[in-house]
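# Quick check, what structure comes out for this input:
(chains A, B, C and D)
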Number of protein chains: 2
Amino acid sequence: MPRARRGAPRAVTITDVAREAGVSRATASRALNDSDLVTDATKRAVQDAVARTGFVMNARGRALATGRAETVGVLVTEPLDELFDDPTYGRMLRGIAEGLTGSGFLPVIVQASSDSERALALRSFSRRSVDAVVHLTPYRGTDLLDLLAGTGLPVVLCGQLVDSPHEGTFSTVYSDDVRGARLAAQRVADDGRSRVAAVLGPADNPATSDRLRGYTEVLGDRIDPDRVVHTGWDAAGGLSATARLVERHPDVDAILAGSDRIALGALAALRAAGRRVPEDVVVVGFDDHAIAATASPPLTTVAQPLVEEGQVAARLALDMIAGAGPRTEVLEMHLVERASA
Amino acid sequence: MPRARRGAPRAVTITDVAREAGVSRATASRALNDSDLVTDATKRAVQDAVARTGFVMNARGRALATGRAETVGVLVTEPLDELFDDPTYGRMLRGIAEGLTGSGFLPVIVQASSDSERALALRSFSRRSVDAVVHLTPYRGTDLLDLLAGTGLPVVLCGQLVDSPHEGTFSTVYSDDVRGARLAAQRVADDGRSRVAAVLGPADNPATSDRLRGYTEVLGDRIDPDRVVHTGWDAAGGLSATARLVERHPDVDAILAGSDRIALGALAALRAAGRRVPEDVVVVGFDDHAIAATASPPLTTVAQPLVEEGQVAARLALDMIAGAGPRTEVLEMHLVERASA
DNA sequence: CTGTTAGCGCCTTCAA
DNA sequence: TTGAAGGCGCTAACAG
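This next block holds a predicted model:
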């Protein structure tokens, strides 16, 4: 069986190291894993043998023997163009990487935007190529969640689902939109504003309804249902929606935006309508997107602890790998105060 | 050895399937891999057994036996959160995924921005967790390339390196910046412009010098060295550089921009200076970024075949896995004509 | 503390 | 066309 081709000269295995060090394979293995059943002298001997032979542990053999791949799959269902487009995911990924450091587990990003990619990803998971899955975008495609459950792997969801299905199956981490919205509303209330409008994202989005709930909890009838409008998440939506709003309700003195991009559009519309921010109208965004800091005026906004969310997701995954049951962790948002409110 | 915990009831293995189907494990294995040494009847029997038992192939056992993980690592050294507003990588990744479909190999993205992440990624590669590596951003960190070479894995570089080190070791795929630049220059020349300026990216970037070379090859002395300026890749750089340029050289009638974002800045500067595009000054961008189509006027620009680059990278990786030697593939850019030139 | 022995789950010669 | 046997590289239970 001439497997080796093109001068790949049969890899050095632990057997070679053991022979070179004059110990058994078991001892070599123990030394390599820094077991305290092994003399320091022996460990050194094995290390020397490793250096001399150029041995590198083979992950496949190890995975088979231990029953662990020592990887955590990070499932991304958004098209990657958007992943790279939206710093949200980047920051969560950083958190995941940070949360995994020192554990010996490697985060492995698996893209699954198309159906075929999704099938491949799931097959790979079912085959136990990873030890756990962190699902970054669990909103879309609830059938995917069922399929994930079917793999029997530990799964961590990043984001709150409407009525928490799979509650006892998956771990979940999310930031509390309701409480975040309360922070925004409180800021506006403290400022003495009483003719508040909300320009929100799509109505069918769970984050949208949570945010609206938070607003109304704090503001009561200072926020008029007539002045609650829905639009797309982006600046264009915020612009047109706000333009219509100020036309219909010229006395509006505060705008709570469903996202920072919406808020940017709102700022533009207010400027066009001759309103000063924050003197005439205060604006509070949501997300603490990079554009919030450079907006003019700089945007007061509600920040999600995205990096921390990633860290917590990593920890939840590791805990489940270690045998712990599923858990739900809720993180707090906080208000970032800038000039717009 | 009570490995199973929390009701994980010992996974179904090929042995179970074989027993259930009344064949040997060898036959079951052959049937599962659709070998033509197996009767259709037997295959069906095995398939039935699979369905009844719920068997899923274990990737670790298979990887150990075959010597393949059936994954291709995609190395990303840019911090993911700095990549926003750069869809380049997303499109290449899509190409890689497409190029891998049907091969049975799964692309696995490994982020390695920090040093520690890099070390982890390399360790994972050395341990043969993947069968090949596609390096998306080989410009930064040449030492990384040496380390990659050290793994002995097939490696594909996406992008041209200055004087092609590792030429006989790595495969490479890139688009020809020089020829792409010639296309842009030719467009300007065909338009009869003869007082051409170039607003390029950073001078130390290889793409920058290649593009400048292409421009001058075509335009000769119609492009004045005094009118070749360097700035950052973004719109702000393009704006200020172009503003200074038109002030010093009011007769400029064409601007070749080093990127679309630079071009956008140039458009703004020209507008501010009261120049009409394309009547007074034509502008040609580079990259065919999404913003090029929506610019005003829409931007004529040079497009890299990014998706195709990814596809080719995937093919190169698969070929090397199959034993082929390293190869270099150069793709052609093309001109996307819009209103700005 | 170390060696022996027996797998982990799958594939692949070699015989039949 | 199938089965038996051995091995991929590593770890873990059990003696010593």
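# Got the phi and psi for the residue lying closest to A:Ala184 once chain neighbours are set aside?
With C-beta to C-beta, 6 or more residues apart in numbering or on different chains as the criterion, A:Ala184 has its nearest non-adjacent residue at 4.4 Å, and that residue is A:Val284. All C-beta atoms are positioned from the backbone trio N, CA, C, and that covers glycine. Dihedral pair for A:Val284: phi -120, psi 130, per degrees, to the nearest 10.
# partner residues bridging A:Val284?
A:Leu256, A:Thr300 (DSSP bridges).
# what sits against it?
Contacts were defined as C-beta atoms under 8 Å, 6 or more residues apart in numbering or on different chains; by that measure A:Val284 touches A:184, A:187-188, A:254-257, A:263, A:299-302, A:340-341.
# at 6 Å what do you get?
Applying C-beta atoms under 6 Å, 6 or more residues apart in numbering or on different chains to A:Val284 gives the contacts A:Ala184, A:Arg187, A:Leu256, A:Thr300, A:Ala341.
# and the residue nearest the centre of chain A, what helix or strand is that in?
Centroid-nearest residue in chain A: A:Met92, 3.8 Å away (criterion: C-alpha atoms, centre = their mean). Per DSSP states H and E: A:Met92 is located in helix A:87-100.
# That helix close to chain B?
Yes. On the criterion C-beta under 6 Å from any C-beta of the partner chain, helix A:87-100 is in touch with chain B at A:Pro87, A:Gly90, A:Arg91, A:Leu93.
# Give me the number of neighbouring residues for the last one.
Residues near A:Leu93, counting by other C-beta atoms under 10 Å in any protein chain shown, number 26.
# can you check the second one too?
Other residues near A:Gly90 number 24, with proximity taken as other C-beta under 10 Å.
# Which pLDDT does the model give it?
Note for A:Gly90: predicted pLDDT of 84.
# thinking again about what came up before, per-residue confidence averaged over the next helix or strand along the chain from the helix holding A:Met92?
Downstream of helix A:87-100, the first helix or strand assigned by DSSP H and E is strand A:106-111. Averaged over strand A:106-111, pLDDT sits at 94.
# Have a look at chain A and report its longest strand.
For chain A, the strand with the greatest residue count under DSSP state E is strand A:223-230.
# for that strand, which positions count as buried?
By neighbour count with 16 or more other C-beta atoms under 10 Å in any protein chain shown, strand A:223-230 contains the buried residues A:Ile223, A:Arg227, A:Val228, A:Val229, A:His230.
# Which residues does it contact?
Identification of contacts with strand A:223-230 by C-beta under 6 Å, 6+ apart yields A:Val196, A:Ala197, A:Ala198, A:Val199, A:Leu200, A:Ala203, A:Tyr215, A:Thr216, A:Ala241, A:His249.
# what's the closest of these to chain B?
A:Ala241 (20.4 Å; C-beta to the nearest C-beta).
# Apart from its neighbours in sequence, what residue is nearest that closest one?
That would be A:Thr231: by C-beta to C-beta, 6+ apart, it lies 4.2 Å from A:Ala241.
# A:Gly168 too?
Among residues not flanking A:Gly168 along the chain, A:Pro326 sits closest, at 6.3 Å (C-beta to C-beta, 6+ apart).
# how far away is the one you found from A:Glu337?
36 Å (C-beta to C-beta, to the nearest Å).
# So which of the two has more stuff around it?
A count of neighbours by other C-beta under 10 Å puts A:Pro326 above the other of A:Pro326 and A:Glu337, at 18 against 13.
# if I look at the more buried one, how far off is B:Thr101?
In this view, A:Pro326 and B:Thr101 are 33 Å apart by C-beta to C-beta.
# What sits closest to A:Ala317 if chain neighbours are left out?
A:Ala132 (4.2 Å).
# count of neighbours near that neighbour?
The number of residues packed near A:Ala132 is 24, by other C-beta under 10 Å.
# repeat for A:Gly220
A:Gly220, neighbours per other C-beta under 10 Å, totals 11.
# do A:Pro79 as well
If you count neighbours by other C-beta under 10 Å, A:Pro79 ends up with 18.
# wait, it sits on A:Ala112?
No. The criterion here is C-beta atoms under 6 Å, and A:Pro79 misses it with A:Ala112 at 10.1 Å.
# Next, give phi and psi for A:Pro278.
Main-chain torsions, A:Pro278, degrees, to the nearest 10: phi -100, psi 0.
# What's the separation between it and A:Ala341?
A:Pro278 is 5 Å from A:Ala341, where distance means C-beta to C-beta.
# Which one's more surrounded, the two?
When A:Pro278 and A:Ala341 are compared for neighbours, A:Ala341 comes out ahead with 26 against 19, by other C-beta under 10 Å.
# Find the nearest non-adjacent residue to A:Leu239, please.
A:Leu239 sits nearest to A:Gly265 (C-beta to C-beta, 6+ apart), 3.5 Å away.
# Confirm that that neighbour sits in a strand.
No. A:Gly265: not assigned to a strand; according to DSSP: H, G, I helix; E, B strand; the rest coil it is helix.
# How about the contacts made by it?
A:Ala235, A:Gly238, A:Leu239.
# Likewise for A:Leu245?
A:Ala197.
# Now do it, the pLDDT please.
At A:Leu245, pLDDT is 96.
# do you know how far it is from B:Thr169?
According to C-beta to C-beta, A:Leu245 stands 62 Å off from B:Thr169.
# again, but for A:Pro87
35 Å.
# how about the helices of the stretch 101-250 of chain A, start to end?
Secondary structure of the stretch 101-250 of chain A (DSSP state H, counting those that start in this stretch): helices located at A:115-126, A:142-151, A:177-190, A:206-219, A:235-248.
# Is the first one positioned near chain B?
Read it as helix A:115-126. Yes. Using C-beta under 6 Å from any C-beta, we find that helix A:115-126 touches chain B at A:Leu120, A:Ser124, A:Ser126.
# Could you tell me how many residues sit around the one residue in the stretch 101-250 of chain A that gets nearest to DNA strand D?
The nearest approach of the stretch 101-250 of chain A to DNA strand D comes at A:Gly104, 10.9 Å away (C-beta to the nearest atom of the strand). When neighbours are defined as other C-beta under 10 Å, A:Gly104 has 12 of them.
# and if you look at A:Asp143?
Residues lying near A:Asp143 (other C-beta under 10 Å) number 8.
# can you tell me which of the contacts of strand A:223-230 are in strands?
Among these, the ones falling in strands (DSSP E) are A:Val196, A:Ala197, A:Ala198, A:Val199, A:Leu200.
# what residues are up against the first one?
Think A:Val196. A:Val196 neighbours (C-beta under 6 Å, 6+ apart): A:Val188, A:Leu219, A:Arg222, A:Ile223, A:Ala254.
# how close does the last one sit to A:Phe286?
In this structure, A:Ala254 and A:Phe286 are separated by 14 Å, where distance is defined by C-beta to C-beta.
# hang on, the earlier thing: export the helices of the stretch 101-250 of chain A to JSON lines and tack on distance to DNA strand D?
What follows is the helices of the stretch 101-250 of chain A, written out as JSON lines (distance: least, C-beta to the nearest atom of the strand, whole Å):
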{"stretch": "helix A:115-126", "distance to DNA strand D": "19"}
{"stretch": "helix A:142-151", "distance to DNA strand D": "22"}
{"stretch": "helix A:177-190", "distance to DNA strand D": "42"}
{"stretch": "helix A:206-219", "distance to DNA strand D": "42"}
{"stretch": "helix A:235-248", "distance to DNA strand D": "53"}
